[in-house]
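> Any chance you can model this:
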Amino acid sequence: MDVDLPLPDRRDGKVRVSYSLPADERGGRRLFVTTDRLSAFDRVIEGVPYKGQVLNQLAAWWFAETADIVQNHVLSVPDPNVLIARNARPLPVEVVVRGYITGVTSTSLWQQYADGARTIYGHPFPDGLRKNTALPYALVTPTTKAEQGGHDEPITVAAVVEHGLVEAKLWGQTVEAALLLFARGQQVAARAGLILADTKYEFGLDDDGALMLIDEMHTPDSSRYWVAESYPARLAANEEPESLDKEVVRRALLATGYRGDGAPPALPPEVWQQTSARYIDAYERITGTTFQPGAYPVGPRILEHLQHVS
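As a prediction, the model looks like this:
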């Protein structure tokens, strides 16, 4: 009978639980990753039906679709809840690419602009921009990695190199890859009837020091998706775009007066159900397939599968 096996080096993150598996005779380590939680304001963790399965399956789809741009860490997806990935050394900064001036939190592009800033993340901005409208070109705005539920810290591109966070040549490769990934993401989203407004990428280095895309990509947790069909009317009415991402949760929290400090208020079940429906909608629009939930994995089956992963 299958039973769960204890796995070493468990790490509980804001969004996922991960386990490092021992190196085998082929060298390297395998990272066993499950995603089954949602974070908003970096402090809210709550169950969303099928959330982990949507994120894993959609991220795996995107990794396959963009493998011609930059290598990624995915080795196998043996179960809807599981990504088995190569180990990587994460870069100390994450890459945010923004195609629209938007956002609801204090560090968002729009909020800083609305507060009077005209140089944001090291980029100059003209007067007269409207909220939720397209920028003339995609902006790369790096951020440090949030720890222990804290907010990501915005930094400038210059500071990344000046402070020795990432060597200049490697940072140039990272920015080039991020912009190509974002352009591909916007093209695919447009064909799916969606607008990819902004996204966050995480990069790392493999054992040979080569750049690798890691974590997840272009999911409703890491990206801001709007429904293209309703976007013009909502923009004309000064309404927020119809969202297929965790902005549903953020806006519900904002409506209660919560701004990310202290314990968040409880949200009604329908907020989580609406979020789940939007996640699944994003998955089905983008992949062109019907979402099929699966059973949660059992330890020995995953470990057995690892023996056949090259």
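
> got any ranges where the stretch 151-300 of the chain has weak pLDDT?
151-152, 295-300 (pLDDT under 70).

> now the strands for the stretch 201-310 of the chain?
In the stretch 201-310 of the chain, strands defined by DSSP state E, counting those that start in this stretch lie at 211-214, 223-227, listed in chain order.

> can the ones you listed go into a markdown table with extra columns for distance to residue 186?
C-beta here means a position set from N, CA and C on the backbone, and glycine is covered the same way. As requested, the strands of the stretch 201-310 of the chain are arranged in a markdown table below (distance: least, CB to CB, whole Å):
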| stretch | distance to residue 186 |
| --- | --- |
| strand 211-214 | 17 |
| strand 223-227 | 10 |
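
> what's the closest of these to residue 102?
strand 223-227 (6.9 Å; CB to CB).

> before we move on, the earlier item: so which of the strands of the stretch 201-310 of the chain is the most surrounded?
strand 223-227 (a mean of 24; mean count of other CB atoms under 10 Å).

> so what's residue 139 up against?
97, 98, 99, 109, 121, 123 (CB atoms under 8 Å, 6 or more residues apart in numbering).

> chain center to the helix or strand where it lies: distance?
Residue 139 is part of strand 133-144, with elements assigned from DSSP states H and E. In this view, strand 133-144 has its centroid 15 Å away from the chain centroid, taken as CA atoms, centre = their mean, to the nearest Å.

> Rounded mean pLDDT for it, please.
When pLDDT is averaged along strand 133-144, the result is 92.

> hmm, back to that, taking the contacts of residue 139 one by one, which sit in strands?
97, 98, 99, 123 (DSSP state E).

> Of those residues, just say which sits nearest to residue 241.
Using CB to CB, these come closest to residue 241 at residue 99, 12.8 Å.

> just the helices in the stretch 101-250 of the chain please.
109-114, 157-162, 168-191, 231-236, 247-255 (DSSP state H, counting those that start in this stretch).

> What residues does residue 170 make contact with?
Taking CB under 8 Å, 6+ apart, one finds 91, 211 in contact with residue 170.

> ok, now with 10 Å
Counting by CB atoms under 10 Å, 6 or more residues apart in numbering, residue 170 makes contact with 91, 160, 161, 203, 205, 209, 211.

> measure it to residue 93 for me?
From residue 170 across to residue 93, the span is 11 Å (CB to CB, to the nearest Å).

> what sits in contact with each of these two?
Joint contacts of residue 170 and residue 93 (CB under 10 Å, 6+ apart) are 160, 203.

> Can you check which of the strands of the stretch 201-310 of the chain gets nearest to residue 129?
Comparing those under CB to CB, the one sitting nearest is strand 223-227, at 16.9 Å.

> Could you list every helix and strand in contact with that closest one?
Contacts defined by 3 or more CB pairs under 10 Å, 6 or more residues apart in numbering; DSSP states H and E place strand 223-227 against strand 93-101, helix 168-191, strand 194-205, helix 231-236, helix 247-255, helix 269-287.

> So which of these is nearest residue 142?
Nearest of the helices and strands packed on strand 223-227 (CB to CB): strand 93-101, 4.6 Å.

> ok, the closest one: who's next to it in the sheet?
Here strand 93-101 is paired, per DSSP bridges, with strand 133-144 (antiparallel), strand 194-205 (antiparallel).

> Can I get those in a markdown table including distance to residue 221?
Formatted as a markdown table, the strands paired with strand 93-101 follow (distance: least, CB to CB, whole Å):
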| stretch | distance to residue 221 |
| --- | --- |
| strand 133-144 | 15 |
| strand 194-205 | 9 |
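
> Out of those, which one sits most buried?
strand 194-205 (a mean of 22).

> quick one: that one to strand 223-227, angle?
Between strand 194-205 and strand 223-227, the angle comes out at 170 degrees (axes from the mean of the first three to the mean of the last three CA atoms, to 10 degrees).

> Going by neighbour count, list what's buried in stretch 109-126.
Burial within stretch 109-126, assessed by neighbour count using 16 or more other CB atoms under 10 Å, is assigned to 109, 110, 111, 112, 113, 120, 121, 122, 123, 125.

> Can you tell me which of these lies closest to residue 198?
Nearest member of the buried residues of stretch 109-126 to residue 198, counting by CB to CB, is residue 109, at 8.0 Å.

> Could you chop the chain up by domain?
10-89+268-306, 91-184+196-221 (automatic domain parsing).

> Out of these, flag the one nearest residue 232.
domain 91-184+196-221 (11.0 Å).

> start to end distance for that closest one?
Domain 91-184+196-221 has its terminal residues 20 Å apart, counting by CA to CA, to the nearest Å.

> i'd like the first residue to be 5 from this point on
With 5 as the first residue, the last one maps to domain 95-188+200-225.

> Roughly how far does the residue nearest the centre of the chain sit from residue 236?
Of all residues in the chain, the one closest to the mean position by CA atoms, centre = their mean is residue 226, 2.1 Å from it. To residue 236, residue 226 is 26 Å away according to CB to CB.
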